[in-house]
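Trainee: The sequence isn't on hand, but the structure is:
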């Protein structure tokens with residue numbers, strides 16, 4: 001980790017916050033509980049325990065791995081439905097194969113992102129390729145769920161495959177940080193991901209002792225999740241480490257700093273920075289469906305049970321009744 005990097009960050013555009021920008025304070029730091037998802041791959045629930053008013057428009061985020069699988073150990077998810085939101089799957093190390101009931105999908109690996117707008121609904125599966133199952137190997141990634149406003153919840157599903165080489169690469173004034181803008185905008189630099197809900201998603205790597213102070217849209221919320229390493233957040237240097245999420249308050253800039261000494265297995269501080277424009281609509285969330293009301297949730301379950309969200313492709317030798 002990470003998969004997408006450059007030999008000399010000083011060749012990249014440099015970003016810093018204006019001197020008069022109001023620094024965002026750190027409101028809370030939470031630690032993600034560990035669990036298992038799908039067929040049994042390990043995850044950290046990054047947003048567990050955080051009030052939704054600080055997350056909106058984000059719903060949940062899982063750090064998948066980091067795990068070094070032995071032969072025949074890699075796992076994925078079975079076929080499952082989605083409606084009413086977008087899933088963002090970012091693979092840092094390893095490979096995942098996606099397929100849906102509409103014939104969409106693809107393969108993402110080593111810095112790629114797949115952005116799936118579930119919209120009105122579909123069936124979906126995520127699995128490691130057979131070659132990885134047979135050989136084993138390193139697997140590490142994120143899956144983020146982004147809510148859709150009521151007007152977009154029933155849009156037709158769509159995919160965006162964002163290759164690692166497409167992300168916007170930036171750095172700090174001293175070159176101590178590498179910033180990968182996956183979606184949204186940072187200081188006038190646009191990432192490749194197109195979103196219904198205005199958001200910014202950045203994977204930042206900070207060398208030991210490096211610090212970044214980035215401009216941040218005042219109408220966005222701000223979150224920082226630590227993928228690896230140790231550091232601090234905010235101008236008061238609130239300590240953070242692997243598996244912790246920092247929630248920032250209001251302001252025009254945010255600060256993250258890497259500790260001088262890092263863990264032996266994590267030479268740098270790896271952080272995902274998220275910001276979004278809150279939707280501020282009622283949310284009804286249960287399992288794989290995110291709607292605006294309990295009645296809409298019930299309709300989603302009924303549509304799924306009656307096969308209206310699609311059927312599993314026959315090439316798999318499975319039928320909807322196998323779910």
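Mentor: Received it, and whenever you're ready, just let me know what you need. Source: prediction; values computed, not measured.
Trainee: Pairing partners for the helix or strand where residue 43 lies, with directions?
Mentor: Residue 43 belongs to strand 41-45 when assigned by DSSP states H and E. For strand 41-45, the paired strands and their directions (DSSP bridges) are strand 34-37 (antiparallel), strand 58-69 (antiparallel).
Trainee: what is the mean pLDDT for it?
Mentor: Averaging the model's pLDDT scores along strand 41-45 yields 90.
Trainee: ok, and what's touching the next helix-or-strand element following it?
Mentor: Scanning the chain past strand 41-45 towards its C-terminal end, the next helix or strand to appear is helix 52-55 (assignment: DSSP H and E). Taking CB atoms under 8 Å, 6 or more residues apart in numbering as the criterion, the residues outside helix 52-55 that touch it are 27-28, 47, 221, 223, 247, 278, 283. The C-beta positions use only the backbone N, C-alpha and C, and glycine is treated the same way.
Trainee: Now the buried members of those residues.
Mentor: 27, 47, 221, 223, 247, 278, 283 (16 or more other CB atoms under 10 Å).
Trainee: From these, pick the one nearest residue 209.
Mentor: For residue 209, the closest of these turns out to be residue 223, at 23.4 Å, with distances computed as CB to CB.
Trainee: Now do the nearest residue to that closest one once chain neighbours are set aside against residue 262, distance only.
Mentor: The shortest distance from residue 223 to any residue that is not its chain neighbour, by CB to CB, 6 or more residues apart in numbering, is 4.5 Å, and that residue is residue 274. Look at residue 274 and residue 262: by CB to CB, to the nearest Å, they are 23 Å apart.
Trainee: How about residue 96?
Mentor: Using CB to CB, one gets 27 Å for the distance from residue 96 to residue 262.
Trainee: now residue 139
Mentor: 22 Å.
Trainee: in which helix or strand would I find the spatially most central residue of the chain?
Mentor: In the chain, the centroid-proximal residue (CA atoms, centre = their mean) is residue 144; its distance is 3.6 Å. Secondary-structure assignment from DSSP H and E places residue 144 in strand 137-147.
Trainee: Sort out which residues of that strand are buried, please.
Mentor: Neighbour-count burial for strand 137-147 flags 137, 139-147 (criterion: 16+ other CB under 10 Å).
Trainee: Likewise for stretch 58-69?
Mentor: Residues of stretch 58-69 classed as buried by neighbour count (16+ other CB under 10 Å): 58-67, 69.
Trainee: Would you mind checking which of those residues is nearest to residue 295?
Mentor: The shortest gap between residue 295 and any of these belongs to residue 59, at 19.3 Å (CB to CB).
Trainee: Surely that closest one and residue 285 touch.
Mentor: Yes - here residue 59 lies in contact with residue 285, judged by CB atoms under 8 Å, at a distance of 6.5 Å.
Trainee: rewinding a little: partner residues bridging the residue nearest to residue 223?
Mentor: According to DSSP bridges, residue 201, residue 223 are recorded as the beta-bridge partners of residue 274.
Trainee: Isn't residue 266 up against residue 241?
Mentor: No - between residue 266 and residue 241 no contact is recorded; they are 9.4 Å apart, counting by CB under 8 Å.
Trainee: Now list whatever residues contact both of these two.
Mentor: Each of 229-230 lies in contact with both residue 266 and residue 241 under the rule CB under 8 Å, 6+ apart.
Trainee: Please report how far the residue nearest to residue 216 when sequence neighbours are not counted lies from residue 243.
Mentor: Residue nearest to residue 216 in three dimensions, not counting chain neighbours: residue 254, with 5.1 Å by CB to CB, 6+ apart. Applying CB to CB, one obtains 20 Å for the distance of residue 254 from residue 243.
Trainee: For residue 130, give me the backbone phi and psi.
Mentor: As for residue 130, its main-chain torsions (degrees, to the nearest 10) stand at phi -60, psi -40.
Trainee: Compute the number of surrounding residues for it.
Mentor: The burial count assigned to residue 130 is 10, neighbours taken as other CB atoms under 10 Å.
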